[in-house]
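1. Need coordinates for the following:
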Amino acid sequence: MLLSELAGLIGLKMAGKDKEISGLNTLELAGPTELSFLANAKYESALAVTKAGAIVLEEKYADQVESALISENPYMDLAKAMHVFARPQGCLEGIHELAFIHHEADVDDSATVYPFAFIGKGAKIGPNCKVFAGAYIGEDVVLGPGCIIYPNCSIMAGTVIGTGCIVQPGAVIGGDGFGYAQVSGKHMKIPQIGTVELQDQVEIGANACVDRAALDVTRIGAGSKIDNLVQIAHNVTTGEDCLVISQSGVAGSTKLGKGVVLAAQAGLVDNIKIGDGAVIGAQAGVTNDVPAGFMGAGSPLLEKGNFLRSSIYHRKLPDMAKKMSALEKRIKALEAELSKED
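-> A predicted model of the protein is given here:
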């Protein structure tokens, strides 16, 4: 593909010499037919030595390279270019004879279903969906247009998945929530009779779990992205465009507002509310409601400034302990001298 053609596809202006582009790579590793990018000024010096055929960069750097695509946001526009060159997973089209599809399921003619996938009674598989090998699609599940269900996913009965959603390998959507009543020291299971809804353009990472509601619905808001190995408990709801990063856990009935970010291994207790745009740092422990726009970290959770200050003090604790011990010895010595004078 010519650089000029790529520029037209992703809506950028080309500067310099037109040339053939066959792929993308980093500034360090890109070759003469590959496109790279400069998104951080600290890597500007790499422009002088890179072998990349062309660079996506801001206009102020364009005179340093032979060929460029001019961008106000190089990282975002590189992502657009990656969509052009990305090859979709899979090698089959249509419905394979070794897939099991219940006679009362409704699978669109344009969908692809791989061998050994299971599609249950009453399920509806929308146009251009892909259901890979080993996937389980339970009774009355709805997949909106263009969904991709990767190998060995389990989409349990009654789950509703919107347009363009992606469920990565091994994820479980709609498994039972963790609900038990204590009876004479024993644990009696509470049936989880609600559902799960993934709104449009949601992505669920590999081996993540989104549990079905005890009652009503567990809902992941449109555009939200759930990373690998995340646990979303029963009756949790998120707003649009949330990011929940690897190994985080959100306990039952907690509500996330729009655009909330939970960094890796954050843990949220049940029945709290996280306001729109809040950012929770890695390994944070969140036990109370969080206001909109809050930024914080730590366990228990602290506001960002307080967390950073406490981190500084924490590193000084060994020295402070030594000084405190020395002061205690001096005080005891002074007290001993004073008692002698008395």
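
2. and the closest residue to residue 222 other than its chain neighbours, how many neighbours?
-> If you skip the residues right next to it in sequence, residue 222 has residue 199 as its closest partner in space, 3.9 Å away by CB to CB, 6 or more residues apart in numbering. Heads up, the C-betas are built off the backbone N, CA and C, glycines and all. Per other CB atoms under 10 Å, the neighbour tally for residue 199 reads 19.

3. With the one 4 residues further on instead?
-> Other residues near residue 203 come to 19 when the count uses other CB under 10 Å.

4. where does the stretch 201-342 of the chain dip in pLDDT?
-> Where the stretch 201-342 of the chain drops to pLDDT under 70, the residues are 342.

5. meant to ask about the stretch 1-150 of the chain
-> For the stretch 1-150 of the chain, no range has pLDDT under 70.

6. in it, which spans are strands?
-> Counting by DSSP state E, counting those that start in this stretch, the stretch 1-150 of the chain has strands at residues 13-16, 23-24, 34-37, 54-57, 67-70, 100-101, 106-107, 112-113, 118-119, 124-125, 130-131, 136-137, 142-143, 148-149.

7. Out of these, the one nearest residue 83 is which?
-> strand 23-24 (10.7 Å; CB to CB).

8. May I have the strands that pair with that closest one, each with its orientation?
-> strand 34-37 (parallel) (DSSP bridges).

9. What are the contacting residues of the strand it pairs with?
-> 3, 6, 21-27, 30, 50, 52-57, 69, 74-75, 77-78, 81 (CB atoms under 8 Å, 6 or more residues apart in numbering).

10. do the same with stretch 302-309
-> 281, 294-298, 310.

11. For it, list every residue counted as buried.
-> 302, 307 (16 or more other CB atoms under 10 Å).

12. Stretch 92-108 too?
-> Quick answer for stretch 92-108 (16+ other CB under 10 Å): 95-96, 99, 101, 105, 107.

13. repeat for stretch 35-50
-> 35-38, 47, 50.

14. got CSV for those residues, with distance to residue 172 too?
-> Formatted as CSV, the buried residues of stretch 35-50 follow (distance: CB to CB, whole Å):
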residue, distance to residue 172
35, 38
36, 38
37, 36
38, 41
47, 46
50, 43
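
15. Tell me how far stretch 329-339 lies from the chain's centre.
-> For stretch 329-339, the separation from the chain centroid amounts to 60 Å (computed by CA atoms, centre = their mean, to the nearest Å).

16. swap that for stretch 305-322, please
-> 32 Å.

17. Need the CA coordinates for stretch 112-132. CSV is fine.
-> Below are the C-alpha coordinates for stretch 112-132, written out as CSV (Å, rounded to 0.1, in the frame of the first residue of the first chain):
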residue,chain,number,x,y,z
THR,A,112,-19.5,-17.9,11.3
VAL,A,113,-19.6,-20.8,13.7
TYR,A,114,-16.5,-22.9,14.2
PRO,A,115,-16.3,-26.6,14.9
PHE,A,116,-17.4,-27.8,18.4
ALA,A,117,-19.1,-24.5,19.3
PHE,A,118,-22.4,-25.0,21.1
ILE,A,119,-25.4,-22.7,20.5
GLY,A,120,-28.4,-23.4,22.7
LYS,A,121,-32.2,-23.3,22.4
GLY,A,122,-33.6,-19.8,21.7
ALA,A,123,-30.2,-18.2,21.2
LYS,A,124,-30.0,-15.4,18.5
ILE,A,125,-26.7,-14.9,16.7
GLY,A,126,-26.7,-11.6,14.8
PRO,A,127,-25.2,-10.7,11.4
ASN,A,128,-21.5,-11.1,10.9
CYS,A,129,-20.9,-12.6,14.3
LYS,A,130,-18.0,-15.1,14.8
VAL,A,131,-18.3,-17.9,17.4
PHE,A,132,-15.0,-19.8,17.7
